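Visitor: show me the folded form of this:
(3 chains)
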Amino acid sequence: MNFTGAHILSINQFQREDVDRVFAVADNMEPYALRKRVTRVLEGAILGNMFFEASTRTRVSFGSAFNLLGGEVRETAGFENSALVKGESLQDTARVLSGFSDVICMRHPQPGSVADFAAASRVPVLNGGDGANEHPTQALLDLYTIRKEMADKGRDIDGLSVAMIGDLRHGRTVHSLGKLLSLYKNIRVVLISPKELTLPDSIVESMRAAGVDVSISHELTQSIAAVDIVYSTRIQEERFSSKQEADLYRGKFRLNQAIYTQYCQPNTVIMHPLPRDSRADANELDSDLDDNPNLAIFRQTDNGVLVRMALFALVLNVADKVDDFAYEVRWYNARQNRITP
Amino acid sequence: MNFTGAHILSINQFQREDVDRVFAVADNMEPYALRKRVTRVLEGAILGNMFFEASTRTRVSFGSAFNLLGGEVRETAGFENSALVKGESLQDTARVLSGFSDVICMRHPQPGSVADFAAASRVPVLNGGDGANEHPTQALLDLYTIRKEMADKGRDIDGLSVAMIGDLRHGRTVHSLGKLLSLYKNIRVVLISPKELTLPDSIVESMRAAGVDVSISHELTQSIAAVDIVYSTRIQEERFSSKQEADLYRGKFRLNQAIYTQYCQPNTVIMHPLPRDSRADANELDSDLDDNPNLAIFRQTDNGVLVRMALFALVLNVADKVDDFAYEVRWYNARQNRITP
Amino acid sequence: MNFTGAHILSINQFQREDVDRVFAVADNMEPYALRKRVTRVLEGAILGNMFFEASTRTRVSFGSAFNLLGGEVRETAGFENSALVKGESLQDTARVLSGFSDVICMRHPQPGSVADFAAASRVPVLNGGDGANEHPTQALLDLYTIRKEMADKGRDIDGLSVAMIGDLRHGRTVHSLGKLLSLYKNIRVVLISPKELTLPDSIVESMRAAGVDVSISHELTQSIAAVDIVYSTRIQEERFSSKQEADLYRGKFRLNQAIYTQYCQPNTVIMHPLPRDSRADANELDSDLDDNPNLAIFRQTDNGVLVRMALFALVLNVADKVDDFAYEVRWYNARQNRITP
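Guide: As a prediction, the model looks like this:
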């Protein structure tokens, strides 16, 4: 795809070469994200960070990524009393807001809303999550993490085995990651969930059609025995009709260090889109895994900044100029001296 | 008026020469707002963007205008649990907040509050809307748009005919625009509203005293036949005692392409302060007008950035230095390639 | 203490020499805070301004302080639907958010939460207030103000007499200021409060153990007769079980110009952590004191910016580089021309 000026709305837009391009640019962003260097390439540019649904983590990740390229951020952090409640169409909102910035990131609770918005926007729009539909930057950062973790082990994405665990029905991140893995060769995916929360058939079928070896399981320990990556997810309580219904599934398929040691291959990578539910009745990933060097969950969120920087640089066509406006960091770089697992 | 260090609180502060000065500076801002060039003239300056009433559109417009001059923005986006609920006076709030920034934009639901705040502020204050009272930057951007649209037709503001349509009683933008038009010569204004929602007598009288030819109508089609501009407005539901009462007036005086073609002069400019209510029972400006090149409503909101940049530059006395700290935009400029009507 | 990379969590971390270091750096920040000069030393750095409890004043003060050093600010302005309500631990939140910024300021309603957060953060954390526990930057700015006000009178902190007035039980600022004063010599403190709202015994005892001459009073006028500073506080209504209970104490110990003239020594400095409750039934500091040149309450809040700039510069180890990236302000400096008491 031609990234310059493009909207990034769905993982379906990406071919394998597009993913490679994003990851190559993301790699180049590392010295900036690690605060070894500063770049001012986007000095004077404005991101409209329009979160019509609250999400501190994702909103700040997008905003920081833009700041790290030298740009400014104007934002909205919730639905509030915006013009939409006065009867304004999403198209009008897009025409207005796209006059205020050079690129927009948008999150909105309604599936499809971000694409509608983008159709009327005069600047590129990045989907920051539209309800249960898409969250493409999360899928890209997940796959970027898989690539990076496996590269350390001398492997690439082709040929990997991935176990996806938990609420596979509602978790949009596993939907998108499944699609993205389908672009690669000899992938094996084990889907581990309660019977009621399996991955939607349409996604399973499209993965199989693309050549992915998909198996389905409702049991944890045997199913994680021969995979390279376990990808755990949270019960998406907010998508159930009641807390009681969600409680039926909460706390199944918990992973902790004892289970990991007994059943997993050595160095199996542990991932999670975060937030992980650490309350006693959920505890999908026990905190006793926090010292396990294979726990990649915080590297995932760190990688999110790299991937979002890469997407901004690509749609604004500055990926090749980032280093031209760079200099050494002047301040104490705490992050280089406090690395967590 | 001497703009340097001035508070911009009311449209009553402006003489015709002051308006001309704002518009001349706004014209110079165009290359920056269109993202052809970047200026850093206000690098290091801070705008306190204090919205004690939520308004995504206006808040982001002010913030982006300041960013486009190179400055930073600190802001508040709603009433929340601020110090005011702990009994702090608006004067104390002003003394405190004016220590944190170089200029303040303030919106507050209470009429007169922004002027009270400004009286205690140590930095210039721009009124971003104080309840039903004033919203001077909206009136300036409306008149700036009129001037620009008519200049394309070889006309200037003197001698224009303007139809104002809708809830003229509650809409503060038509109140302010009426006052501003009174500064010009040979202006004709047709006021079209339900009998219960006419423009307040005091404003009509002051316009007539200034020489404006004001006529009053309760019917749409004949009244828009011989005007240069139709300025439509939303029923201000939030100012009525009930939704039921507002519903009595909603959906009267709808303008769509068929009515426009049948009754309006060719090339009559269509304006609206936005948001337009696009719900079926309101639909003041039908979306079938969106392809009409005379629909200026999104050019209005774009012009708002220029006018706000101009006001910031004037009160901070950098209008003549903007070009001295400028360079070419480095990134892909989507806006130049996606012009909407 | 070694400030570089340190968390600033509690006033207990500070020795006298540490306080001196902060104040010396704060003095150097004055030309930047007064907008005579701009520094870009932290250009490219990001502050995560994480206010999980709303506080416009303190949030904007921290954010502006960081902007004044040239850095960018990403922020959260309330508890909202953050990941914490989905069961994420504060430790996970810290690991994630510390990947997005170079330094974090955090406010959170729960005592101890900021220290827990800091323990898992990869970047330095400044406590912006953790419930009733600590608010160290407020204590530092209070003492900085005392030092500055008394320096104008040829005095230093050693040997001062301070009256603390009001809700001494709940006001965390007087708790912290008491501790901080204990680092100095020959301090006399008069505690003036209702019997039910006295300073906690543990703090009184530790002050006395440090050599402070502490006396306790339940009467205002005689007790303020021989002090250098009167430090008034608000009844912390939000910490009482009901408004009715708070009302029992509201409006006691009011200070106004008549009482000041009759009972205080000439030039006694008047302080208050703000917001002051100016409602008729409270009115701790009457507005007739606003013209009294000894009213230092707005100089306090201005000094807060200096102290916060100093702390950022120290933990990021740029205190000695600030002037190396500086230039003259380009815009009209309103603040130099509108000095309020």
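
Visitor: now find how far off-centre the helix or strand hosting residue A:261 is within its chain.
Guide: Using DSSP states H and E, residue A:261 sits in helix A:257-263. Distance of helix A:257-263 from its chain centroid, counting by Cα atoms, centre = their mean, to the nearest Å, is 27 Å.

Visitor: list the buried ones in that helix?
Guide: Under the neighbour-count criterion of 16 or more other Cβ atoms under 10 Å in any protein chain shown, helix A:257-263 has A:259, A:260, A:263 buried. Every residue, glycine included, has its C-beta placed from N, CA and C.

Visitor: using CSV, list the CA coordinates for it.
Guide: What follows is helix A:257-263, C-alpha atoms only, in CSV (Å, rounded to 0.1, in the frame of the first residue of the first chain):
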residue,chain,number,x,y,z
GLN,A,257,5.0,-19.8,37.1
ALA,A,258,4.3,-23.4,38.4
ILE,A,259,2.2,-24.2,35.4
TYR,A,260,4.6,-22.5,33.1
THR,A,261,7.5,-24.6,34.5
GLN,A,262,5.6,-27.8,34.3
TYR,A,263,4.0,-27.6,30.9
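
Visitor: going on from it, what's the next piece of helix or strand?
Guide: Per DSSP H and E, the first helix or strand lying C-terminal to helix A:257-263 is strand A:269-271.

Visitor: close to chain C, is that following strand?
Guide: No - under the criterion of Cβ under 8 Å from any Cβ of the partner chain, strand A:269-271 makes no contact with chain C; the nearest approach is 13.9 Å.

Visitor: packing partners of that strand?
Guide: helix A:136-151, strand A:229-232, helix A:297-315 (3 or more Cβ pairs under 8 Å, 6 or more residues apart in numbering or on different chains; DSSP states H and E).

Visitor: for chain C, find the nearest of those.
Guide: Chain C lies closest to helix A:297-315 among the helices and strands packed on strand A:269-271, at 4.4 Å (Cβ to the nearest Cβ).

Visitor: so what does the very next helix or strand once past the closest one touch, helix or strand wise?
Guide: Next helix or strand after helix A:297-315 toward the C-terminus (DSSP H and E): strand A:326-328. Strand A:326-328 sits against strand A:37-39, with contacts defined as 3+ Cβ pairs under 8 Å, 6+ apart.

Visitor: what pairs with the strand it packs on, parallel or antiparallel?
Guide: strand A:326-328 (antiparallel) (DSSP bridges).

Visitor: buried ones in the strand it pairs with, by neighbour count?
Guide: By 16+ other Cβ under 10 Å, the buried positions in strand A:326-328 come out as residue A:326.

Visitor: model confidence over that strand, on average?
Guide: The average of the pLDDT scores along strand A:326-328 is 97.

Visitor: and that strand, how far out from the chain middle?
Guide: Distance, centroid of strand A:326-328 to centroid of chain: 28 Å (Cα atoms, centre = their mean).

Visitor: quick one, what contacts the residue positioned nearest the centre of chain A?
Guide: For chain A, the residue nearest the mean C-alpha position is residue A:138 (1.2 Å; Cα atoms, centre = their mean). Residues counted as contacts of residue A:138 (Cβ atoms under 8 Å, 6 or more residues apart in numbering or on different chains) are A:129, A:172, A:173, A:176, A:273, A:304.

Visitor: got TSV for the residues you listed, with secondary structure and pLDDT too?
Guide: Compiled in TSV, the contacts of residue A:138 are given as follows (DSSP: H, G, I helix; E, B strand; the rest coil; pLDDT from 0 to 100):
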residue	secondary structure	pLDDT
A:129	strand	93
A:172	helix	85
A:173	helix	89
A:176	helix	91
A:273	coil	93
A:304	helix	97
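
Visitor: wait, which of those is closest to residue B:45?
Guide: Taking Cβ to Cβ as the measure, residue B:45 lies nearest residue A:304 of these, at 31.6 Å.

Visitor: give me the neighbour count for that closest one.
Guide: Residues near residue A:304, counting by other Cβ atoms under 10 Å in any protein chain shown, number 30.

Visitor: what's the closest non-adjacent residue to it?
Guide: Leaving aside its sequence neighbours, residue A:304 sits nearest to residue A:141 (Cβ to Cβ, 6 or more residues apart in numbering or on different chains; 4.2 Å).

Visitor: contacts for the helix holding residue A:261?
Guide: With Cβ under 8 Å, 6+ apart as the criterion, helix A:257-263 contacts A:220, A:221, A:222, A:224, A:225, A:268, A:270, A:286, A:288, A:289, A:292.

Visitor: show me which of those are buried.
Guide: Looking at the contacts of helix A:257-263 with 16+ other Cβ under 10 Å, the buried ones turn out to be A:220, A:224, A:268, A:270, A:286, A:289, A:292.

Visitor: which one among those gets closest to residue A:214?
Guide: Nearest to residue A:214 among the buried ones among the contacts of helix A:257-263, with distances taken as Cβ to Cβ, is residue A:224, at 15.6 Å.

Visitor: distance check, the closest one against chain C.
Guide: Using Cβ to the nearest Cβ, to the nearest Å, we find residue A:224 at a distance of 22 Å from chain C.

Visitor: mind listing what that residue touches?
Guide: So residue A:224 contacts A:163, A:165, A:190, A:192, A:230, A:255, A:263, A:264, A:268 (Cβ under 8 Å, 6+ apart).

Visitor: switch to 10 Å and redo it
Guide: Under the criterion of Cβ atoms under 10 Å, 6 or more residues apart in numbering or on different chains, the contact list for residue A:224 reads A:161, A:163, A:165, A:190, A:192, A:217, A:230, A:232, A:253, A:255, A:259-260, A:263-265, A:268, A:270.

Visitor: cool, residue A:73 as well?
Guide: Residues counted as contacts of residue A:73 (Cβ under 10 Å, 6+ apart) are A:45-49, A:59-60, A:62-67, A:101, A:105, B:63, B:67, B:73, C:72-74.

Visitor: ok, 8 Å please
Guide: Here residue A:73 is in contact with A:46, A:47, A:49, A:63, A:66, A:67, C:72, C:74 (criterion: Cβ under 8 Å, 6+ apart).

Visitor: same check, this time on residue A:216
Guide: Residue A:216 makes contacts with A:190, A:191, A:198, A:199, A:204, as judged by Cβ under 8 Å, 6+ apart.

Visitor: and the residue of the stretch 151-300 of chain A closest to chain B?
Guide: residue A:238 (23.3 Å).

Visitor: shouldn't that residue be within a helix?
Guide: Yes - per DSSP: H, G, I helix; E, B strand; the rest coil, residue A:238 lies within a helix segment.

Visitor: quick check, pLDDT for it.
Guide: 75.

Visitor: what is the burial count for it?
Guide: When neighbours are counted by other Cβ under 10 Å, residue A:238 comes out with 12.

Visitor: so it versus residue A:105, what's the distance?
Guide: Counting by Cβ to Cβ, to the nearest Å, the separation of residue A:238 from residue A:105 is 21 Å.

Visitor: quick check: the gap between residue A:11 and residue A:209.
Guide: 16 Å.

Visitor: who has more neighbours, the two?
Guide: Higher neighbour count among residue A:11 and residue A:209: residue A:11, with 24 against 9, using other Cβ under 10 Å.

Visitor: OK, contacts around residue A:64?
Guide: Contact analysis of residue A:64 by Cβ under 8 Å, 6+ apart lists A:305, C:46, C:74, C:100, C:101.

Visitor: chain B versus that one, what's the distance?
Guide: 16 Å.

Visitor: then residue A:305?
Guide: 19 Å.

Visitor: low-confidence ranges, chain A, go.
Guide: Counting by pLDDT under 70, chain A has low-confidence residues at A:79-85, A:336-341.

Visitor: hmm, try it at 50
Guide: Applying pLDDT under 50 to chain A flags the ranges A:81, A:338-341.

Visitor: tell me which residue lies farthest from the centre of it.
Guide: Within chain A, counting by Cα atoms, centre = their mean, residue A:86 lies farthest from the centre, at 32.8 Å.

Visitor: so how far is chain B from that one?
Guide: From residue A:86 to chain B the distance is 5 Å (Cβ to the nearest Cβ).

Visitor: ok, the closest residue to that residue other than its chain neighbours - contacts?
Guide: Closest residue to residue A:86 apart from its sequence neighbours, by Cβ to Cβ, 6+ apart: residue B:275 at 5.0 Å. Residues in contact with residue B:275 (Cβ under 8 Å, 6+ apart) are A:83, A:86, A:87, A:88, A:92, A:93, B:57, B:234.
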